[in-house]
Structure formats: structure tokens, C-alpha cells
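Student: sequence? don't have it. structure:
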């Protein structure tokens with residue numbers, strides 16, 4: 001165990017018992033100052049005549065070169081013009097190295113992490129347990145797996161691994177569903193897209209929005225079945241969805257994917273956000289197979305029984321009751337749905353939690369439950385942006401402000417005004433990822449914006465609560481310890497979270513797990529439940545530092 005210690009003074013408000021935040025906005029956009037504005041997303045034509053031009057891409061935060069600093073990978077789209085004309089320059093995704101001084105350097109070419117397909121989603125994990133994190137990218141077209149060589153470079157090993165997939169893949173996430181020590185991969189897919197067969201905007205019912213001609217779909221277009229790949233070892237994967245019971249027979253329009261243990265049985269289950277049709281909850285039966293129980297568990301549709309147009313997923317125990325909850329972002333003129341988990345049974349509590357009206361006109365994408373003020377209670381970030389430029393000034397806004405919701409610690413949230421949040425510039429945002437870029441206990445946000453430069457939201461005011469972060473190293477389990485659960489008891493509060501890869505909207509956040517500690521001066525106990533079922537406990541830990549815990553080495 002070890003880590004850097006950053007001392008943050010702690011004060012408490014006697015009336016509320018909460019850390020007191022300094023005045024000013026929560027965040028400031030530092031993308032230009034940091035060098036990330038060198039990336040400019042490309043996603044089809046300005047008119048967005050086809051659905052594939054509207055959905056945008058994700059972002060990943062991970063340490064690609066092992067220097068202890070989170071780097072930024074921004075997935076880029078493309079255009080039909082670029083794909084069809086080999087003489088035009090390719091629209092590559094971009095890797096930015098964290099320089100440790102608040103700036104980033106584009107190292108895409110020298111690293112070899114070059115994805116020139118029409119990029120969609122990304123999930124990062126050490127699939128071969130060699131100590132270096134690898135990168136899987138979904139595309140409109142063939143997908144791509146890049147092996148991290150451990151020397152700052154990557155090699156495209158997609159074909160050898162058997163992970164090319166095809167047509168139009170979207171969300172992806174790693175997990176060891178059968179607990180054999182090797183990470184498996186779920187890939188959601190969207191529409192069976194052939195531009196030659198797609199109707200033109202305005203040509204039928206599914207090509208109009210408020211009687212405005214817009215890109216057709218997804219309804220009215222054929223869907224694609226999702227894919228589940230089992231890691232066979234030796235760098236090889238095998239598609240096993242049918243044999244393990246993950247039968248997407250309805251060919252749902254899949255977007256975001258996340259693994260979580262929703263029923264606290266120690267097994268990774270899978271939740272999939274589907275556009276325009278019910279969402280999936282695949283329960284892990286513990287024998288290498290799954291069953292779909294979204295309706296039975298209460299998280300397939302809204303409280304009034306409607307299938308929503310779901311985009312992104314946030315996972316977190318927002319009320320600190322020991323059960324993982326879900327927030328699903330949806331289309332505009334609907335609401336983002338908060339599913340509260342009560343001992344494995346979900347309930348739509350969106351309006352009781354104060355989240356219904358605030359999201360009605362927004363079209364939500366990336367999302368995350370993150371404790372930005374380090375008070376021990378997770379806030380909620382939602383990235384917004386419409387898909388139809390044609391709505392601007394008529395029925396809605398194409399560019400929409402992102403939203404921050406403060407956790408009121410009573411099961412409710414309050415929307416933070418744009419001026420107070422710092423989210424004052426409206427764009428059409430898509431993927432969002434979260435992590436401590438400076439290793440100082442302050443969580444940052446990177447947002448990929450369609451046809452624009454990204455946002456880099458840095459905390460503008462110092463959180464006055466303490467914090468702790470854990471980096472787990474699996475030995476008997478997968479090296480990244482994905483699927484492990486960490487319970488932290490401090491200051492009379494018990495918090496849980498899990499190590500995961502994937503989630504939000506087509507994005508991948510830091511695998512290190514961050515906890516705000518409020519006014520606690522010491523951590524009473526940490527319990528780590530590894531994916532193989534073994535449990536280790538740490539006691540009386542100092543605050544304001546990162547701990548690296550190797551499986552079997554805790555005391």
C-alpha cells in the first residue's frame with residue numbers, strides 16, 4: 001500500500017453537518033488551456049441526414065504508459081465522404097498524454113493507438129493480465145482491439161483476437177462474468193445500417209420529428225443482436241451470447257452497457273440501455289449463463305410502463321444504503337429515469353428524487369454518479385445535446401447545457417444552475433468520463449462533443465471534505481480487479497462502489513475507485529470483496545491519499 005498524501009483542511013457547518021464549499025462555480029472548462037482542444041470531433045455532415053451522423057462518440061480516461069497519471073483518449077467519428085474517398089485524410093481518434101502539469105500532449109501517432117474507422121465507444125482494461133491496459137473501440141464498421149505493449153505503444157490485434165464484430169456497434173464493457181480470471185467483453189449493437197436502403201429525411205413516419213424532416217430511425221429500421229465474447233486466453237475470444245442465454249432475439253437498438261452486481265450476490269450482472277425498446281437486465285446465474293429479468297426487476301421501462309429512448313447509464317449507490325442504483329438518460333420530451341435499488345428490486349423514483357422536470361427538455365447521453373465535493377454523497381452529472389440540428393429555434397435547442405445535480409442526502413437531488421455549475425457553454429455533448437487527473441482528490445470530467453472540441457471540467461473550488469482512492473491489483477482474479485467491491489466506513493457513513501470498465505455513454509472512466517469522506521479524520525474500515533469471493537479488510541487508514549492494494553496483501 002502507498003500513495004501520495006494531499007492535505008485538505010476540513011471544516012463543518014454546525015447546522016447542516018456538511019462540508020462548506022468555497023464560493024464560485026463548481027467547475028471551469030480548461031480544455032483549451034490544457035491542450036485538449038487540439039481534438040475536434042467529426043461526425044458526418046452538418047445536416048445529419050442519417051442516424052449514424054447523430055449519435056457521437058465516447059471518451060476514456062486511463063494510464064496508458066504507467067506513470068501514475070490519467071491520460072485522455074477521445075473517440076472520433078468520421079463521414080461518408082471520408083470513408084468513400086481514400087484520398088481524403090482519415091478522421092482518427094486521439095490519445096493525449098497527461099504531462100502532470102495540467103497540460104496534455106497528443107501522442108496518437110507515436111503510440112500507434114490509431115482508430116481511423118467511424119468510432120463510437122471505448123472500454124479499457126487489461127484483458128491479458130500483463131499489467132498494461134488495453135483498448136477496445138466500437139465502430140460503425142469493424143471494431144478494433146489495441147494491445148498495450150507496455151512501452152508506450154499499442155498494436156492492433158483485432159483479427160487475431162476475433163473481435164472484429166461488424167456493421168454498427170455502440171456500447172462496450174469488460175467483466176469476468178464466469179470468474180475464471182480472464183476478462184470477457186460485451187458489445188451492444190444498434191441498427192443494421194445500409195445507406196442505400198435508408199429512407200431520406202421526411203419520407204415516412206419515422207423520418208419526421210414534430211413534422212420536421214429529420215434522419216430516419218431507429219424505429220422502422222432493422223436492429224442488430226448484441227454480442228458477448230468469452231476470453232479463451234492466449235489473446236483469443238469466442239462469441240458465446242446464444243450458448244450462455246444472452247439472446248437478443250428482438251434485436252434491440254442497444255446503446256450504453258454496464259456491468260454491476262445489482263443483487264449483492266457477488267456476481268457481475270449486465271444492464272443495457274436500449275433506444276425506443278425496453279432495457280435489458282441480464283442476471284448472472286452463477287453457472288456461466290444469464291437470464292433477462294428487466295421487467296421483473298423493475299428497470300426495463302418507466303414507472304408508467306413506457307419503453308423510453310435510452311442512451312446512457314450511471315451506476316452508483318446515491319443514497320448509501322448498500323445497493324447499486326441506476327440512472328438512465330433518455331430522449332427529450334421525456335425524463336431521465338432514476339431506478340432506486342431496494343434489495344435487488346428497482347423502482348422508478350425519478351420525480352420523488354426531484355429529477356423529472358429538470359430533464360424533460362434535455363436529451364441526455366453520458367452520465368455519472370460522482371462525489372465532486374467529497375462530502376460522502378454522490379452528485380449526478382448528465383451530458384446533454386439534441387440529435388437533430390433542425391429543431392434549433394423551432395421546438396428545442398440542438399446545443400444544450402450539461403447538468404449537475406447536487407445530492408441533498410435525503411434521497412433527493414437539486415439541479416445546480418448553469419452559472420453555479422460552470423456549465424455555461426452549450427454544445428451537443430455525448431460521451432462523458434470521470435477521474436482524478438491531477439491525483440489531488442478532485443474528480444474531473446471529460447466530455448466529447450459532437451462536431452466540436454471537448455470539455456475538460458476541472459473543479460474550480462476546493463472540496464473541503466477528505467477523500468481516499470483505491471487502486472486494486474488482482475492476483476487470483478483479473479489483474480484490474482474489475483468486479484471487485486469496496487466498502488468504506490468513515491465518519492459514521494458506509495459507502496460502496498465497484499471497479500468497472502465501461503458505462504456512462506460509450507465511455508470508460510478511471511478504474512481507480514474514489515470516495516469522498518466529508519469531515520472524517522480517519523477511515524475506520526475498508527472491506528474489499530474480490531471477484532473470487534475472498535474478502536480482505538483494512539483498518540484505521542489515513543485520509544487524503546491513494547492506496548494500492550494487491551490481492552492477498554492486505555492486513
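Tutor: Thanks, I have the structure now. What you see is a predicted model; the values in this text were computed from it and never measured.

Student: determine the number of other residues adjacent to the nearest residue to residue 392 once chain neighbours are set aside.
Tutor: Spatial nearest neighbour of residue 392, chain neighbours left out: residue 398 (4.6 Å); criterion: Cβ to Cβ, 6 or more residues apart in numbering. Every C-beta, even on glycine, is put in place using the N, C-alpha and C of the backbone. When neighbours are counted by other Cβ atoms under 10 Å, residue 398 registers 19.

Student: now do residue 398, the pLDDT please.
Tutor: Model confidence at residue 398, given as pLDDT, is 97.

Student: my guess is it contacts residue 427. True?
Tutor: No - Residue 398 is not in contact with residue 427 according to Cβ atoms under 8 Å; the separation is 9.2 Å.

Student: so what sits against both of these two?
Tutor: residue 385 (Cβ atoms under 8 Å, 6 or more residues apart in numbering).

Student: re the thing from before, how about the residue nearest to residue 392, what does it touch?
Tutor: Applying Cβ under 8 Å, 6+ apart, the residues near residue 398 are 385, 386, 388, 389, 391, 392, 428.

Student: what residues sit buried inside stretch 319-339?
Tutor: 319-320, 323-332, 334-339 (16 or more other Cβ atoms under 10 Å).

Student: same check, this time on stretch 39-52
Tutor: 39, 41, 42, 43, 44, 48, 49, 50, 51, 52.

Student: measure how far that stretch is from the centre of its chain, please.
Tutor: Averaging C-alpha positions (Cα atoms, centre = their mean, to the nearest Å) puts stretch 39-52 22 Å from its chain's average.

Student: over to stretch 514-528?
Tutor: The answer for stretch 514-528 is 24 Å, by Cα atoms, centre = their mean.

Student: residues of that stretch that come out buried?
Tutor: 514, 515, 516, 517, 518, 519, 520, 523, 526, 527, 528.

Student: which one of these is nearest residue 438?
Tutor: residue 514 (12.6 Å; Cβ to Cβ).

Student: check contacts around the closest residue to that closest one other than its chain neighbours.
Tutor: Residue nearest to residue 514 in three dimensions, not counting chain neighbours: residue 469, with 4.9 Å by Cβ to Cβ, 6+ apart. Residues in contact with residue 469 (Cβ under 8 Å, 6+ apart) are 3, 436, 441, 512, 513, 514, 515, 545, 546, 547.

Student: ok, the third one touching residue 464?
Tutor: No - with contacts counted by Cβ under 8 Å, residue 441 stays clear of residue 464, the gap being 11.1 Å.

Student: out of the two, which sits in the more crowded spot?
Tutor: residue 441 (27 against 21).

Student: distance of that one from residue 546?
Tutor: As judged by Cβ to Cβ, to the nearest Å, residue 441 and residue 546 stand 9 Å apart.

Student: same deal with residue 479?
Tutor: Residue 479 is 18 Å from residue 546, by Cβ to Cβ.

Student: cool, residue 498 as well?
Tutor: 17 Å.

Student: what about the residue nearest to residue 364 when sequence neighbours are not counted, which SS state?
Tutor: In this structure, residue 364 finds its nearest non-sequential neighbour in residue 329, 2.9 Å apart by Cβ to Cβ, 6+ apart. Assigned by DSSP: H, G, I helix; E, B strand; the rest coil, the conformation of residue 329 is strand.

Student: tell me the pLDDT of residue 329.
Tutor: pLDDT at residue 329 comes out at 98.

Student: repeat for residue 166
Tutor: In this prediction, residue 166 has a pLDDT value of 81.

Student: residue 20 now?
Tutor: pLDDT, residue 20: 49.

Student: follow-up on the earlier one: kindly reformat the contacts of residue 469 as TSV containing secondary structure, pLDDT and distance to residue 64.
Tutor: What follows is the contacts of residue 469, written out as TSV (DSSP: H, G, I helix; E, B strand; the rest coil; pLDDT from 0 to 100; distance: Cβ to Cβ, whole Å):
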residue	secondary structure	pLDDT	distance to residue 64
3	coil	37	20
436	coil	98	16
441	coil	97	22
512	coil	98	14
513	strand	98	19
514	strand	98	20
515	strand	98	25
545	strand	97	23
546	strand	98	18
547	strand	98	22
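
Student: now these in CSV, with distance to residue 65?
Tutor: Listed next are the contacts of residue 469 as CSV, based on distance: Cβ to Cβ, whole Å:
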residue, distance to residue 65
3, 19
436, 17
441, 22
512, 16
513, 21
514, 21
515, 26
545, 22
546, 18
547, 22
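
Student: what is the nearest of those to residue 494?
Tutor: For the contacts of residue 469, the nearest to residue 494 is residue 515 (10.5 Å; Cβ to Cβ).

Student: what sits against that closest one?
Tutor: Residue 515 touches 371, 376, 467, 468, 469, 488, 490, 495, 497, counting by Cβ under 8 Å, 6+ apart.

Student: ends of stretch 354-373, what's the gap?
Tutor: 20 Å (Cα to Cα, to the nearest Å).

Student: how many residues are close by the closest residue to residue 481 other than its chain neighbours?
Tutor: Distance criterion Cβ to Cβ, 6+ apart; nearest residue to residue 481, sequence neighbours excluded, is residue 472 at 3.6 Å. Number of residues near residue 472 (other Cβ under 10 Å) recorded here: 24.

Student: and residue 472, what element?
Tutor: If you go by DSSP states H and E, residue 472 is part of strand 466-473.

Student: now residue 109
Tutor: Assigned by DSSP H and E, residue 109 falls in helix 108-111.

Student: I'd like the next helix or strand past that helix.
Tutor: With elements assigned by DSSP H and E, the helix or strand that comes after helix 108-111 is strand 118-125.

Student: who does that following strand pair up with?
Tutor: Sheet pairing of strand 118-125 (DSSP bridges) gives strand 134-140 (antiparallel).

Student: avg pLDDT for the partner strand?
Tutor: Here the average pLDDT along strand 134-140 is 98.

Student: lowest-scoring secondary structure element of the protein by mean pLDDT?
Tutor: Within the chain, confidence by mean pLDDT, DSSP states H and E is lowest for helix 80-84 among all helices and strands, at a mean of 94.

Student: and for it, what's in contact with it?
Tutor: 42, 44, 45, 50, 88, 89, 90, 91, 118, 141, 195.
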